[in-house]
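Chemist: need a structure here:
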Amino acid sequence: MNILITGATGFIGSNLTKRLSAQGYHCRCLVRNIQRAKDIFKEYNSIEFVVGDITKPQTLAGIEKNIDVVFHLAAHGHVAAASEEAYKQFTNINVSGTENLIKQCTKGNIKKFFHFSSTAAVGLIPDILVDESTIPNPKTPYQKSKLASESIVNTFIEKENFPAIIFRPCMVYGIGGYGEFYKFVRLVKKGVMPKIGFKKKLTPIVHVDDVVQACVKGISDAKTGETYFICGCKSYPFDDIINHIKDALNTHKLTIFTPLSLVLLGAFLLEQVAKITHKTALVTRQNIKSTVADRRFSIEKAKKDFNYEPEVSLKKSIQEVVEWYNI
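Modeler: You can find the predicted model right below:
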């Protein structure tokens, strides 16, 4: 079976590509920097590299030939970015780039097209168990762009019977990943991660190995035209995650209780500094609101349709990841 992967040099994409190649699939990777790709996959001689960019349709010509399955992971993912320029990048890559790729893939004989969205597409819907039938309510530029990308995919499904599947992973962590989880580790290391409020702050999190597991199982059994949440076995109290990070760092600095209003004010000030310096704020008000909310996503549909079952132990894997960061 021949598989096309976009975003193959990214965190999830590189783990997925290595797993698929090791299991005997032929992988064609759409990359922008072929030398970087060769360095990442230097131990995998059977991987094919094609230079191209999803935002430039002319570079995608022929990418679909002899391909059976597509995993579309290429995206702009600086979730905290809120500037006008960031919004344009989100739209150009996450929305227009997805449309460009699908248009090219309709010229081939694709059996399944996996589009990687995010739980962010749903927006912040606290205090209920969210499933695939929940009506999204995105607020931030990143959230809106992910939902808009899903809309593109669903349009091709409905109008052209395109065999697409949407995956919505939550916060993904693991060795090799530098995302929101890495921010938490840095804040704990610096001793500036406060305890905000007394709620459990249920937080969805999933190890990259479990995301890859979902992909591999989905090749044969995921149903086209469907959307699936890909998360861990449950949402964990945020303070439990932080305590696991503390244990891994072997630090037990006193966690200071801080009123939500004060934390939001601090985040607002960081946002203003970021605007002036044209950088991304380490923490935003939306980050804080998401952190203090109880967020739970059902994975029952993925369990039922293709036997997805999270397997990675949270505490043990956090220890491994933090040791790998070596900060």
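Chemist: hey, let's count contacts and neighbours off CA atoms from now on
Modeler: Noted.
Chemist: Could you measure from the most far-flung residue of the chain relative to its centre over to A267?
Modeler: In terms of distance from the mean C-alpha position of the chain, L254 ranks first, at 31.4 Å (Cα atoms, centre = their mean). Remark: distance between L254 and A267 (Cα to Cα, to the nearest Å) = 21 Å.
Chemist: what's the answer for V321, then?
Modeler: Applying Cα to Cα to V321 and A267 gives a distance of 27 Å.
Chemist: Give me the phi and psi angles of F167.
Modeler: phi -110, psi 130 (degrees, to the nearest 10).
Chemist: my guess is E309 contacts C231, does it?
Modeler: No - applying Cα atoms under 8 Å as the test, E309 and C231 come out as separate, 9.5 Å apart.
Chemist: Can you tell me the SS state at the residue farthest from the centre of the chain?
Modeler: coil (DSSP: H, G, I helix; E, B strand; the rest coil).
Chemist: so N15 sits right up against Q213, yeah?
Modeler: No - counting by Cα under 8 Å, N15 does not reach Q213; the two are 10.4 Å apart.
Chemist: mind listing what T155 touches?
Modeler: If you count contacts by Cα atoms under 8 Å, 6 or more residues apart in numbering, T155 has none.
Chemist: and if you look at F113?
Modeler: Neighbouring residues of F113 by Cα under 8 Å, 6+ apart: 69-72, 163-165.
Chemist: just these now: which is nearest Q104?
Modeler: Q104 lies nearest to V70 out of those, by Cα to Cα, at 11.6 Å.
Chemist: which SSE is that closest one in?
Modeler: Per DSSP states H and E: V70 is located in strand 69-72.
Chemist: before we move on, back to that, I'd like the distance between the residue farthest from the centre of the chain and E226.
Modeler: In this view, L254 and E226 are 46 Å apart by Cα to Cα.
Chemist: which one's the longest helix in this structure?
Modeler: Counting residues, the longest helix in the chain under DSSP state H turns out to be helix 141-160.
Chemist: What strand or helix carries the closest residue to R19 other than its chain neighbours?
Modeler: For R19, ignoring the flanking residues on the chain, the nearest one in space by Cα to Cα, 6 or more residues apart in numbering is V212 at 7.7 Å. Element membership for V212 (DSSP H and E) is helix 208-221.
Chemist: List the buried residues for that helix?
Modeler: Buried residues in helix 208-221, counted by 16 or more other Cα atoms under 10 Å: 208-216, 218-219.
Chemist: how about L249, phi and psi?
Modeler: According to degrees, to the nearest 10, L249 has phi -80, psi -10.
Chemist: That one against K190, yeah?
Modeler: No - checked against Cα under 8 Å, the pair L249 and K190 is beyond contact range at 10.9 Å.
Chemist: Looking at the two, which is more packed in?
Modeler: Taking neighbours as other Cα atoms under 10 Å, L249 and K190 compare with L249 leading, 18 against 10.
Chemist: where does the more buried one land on pLDDT?
Modeler: Looking at L249, its pLDDT is 95.
Chemist: and what of the one 4 residues further on?
Modeler: Predicted confidence (pLDDT) at K253: the value is 74.
Chemist: does the closest residue to T251 other than its chain neighbours sit in a helix, a strand or a coil?
Modeler: Of all residues not flanking T251 in the chain, K189 sits nearest, at 7.6 Å (Cα to Cα, 6+ apart). Recorded secondary structure, K189: helix (three-state DSSP).
Chemist: Please apply the same query to K246.
Modeler: Per three-state DSSP, K246 ends up helix.
Chemist: For the residue lying closest to it once chain neighbours are set aside, grab the count of nearby residues.
Modeler: Closest residue in space to K246, ignoring its immediate chain neighbours: H252 at 6.2 Å, by Cα to Cα, 6+ apart. H252: 13 surrounding residues under other Cα under 10 Å.
Chemist: try K139
Modeler: A count of nearby residues for K139, using other Cα under 10 Å, gives 15.
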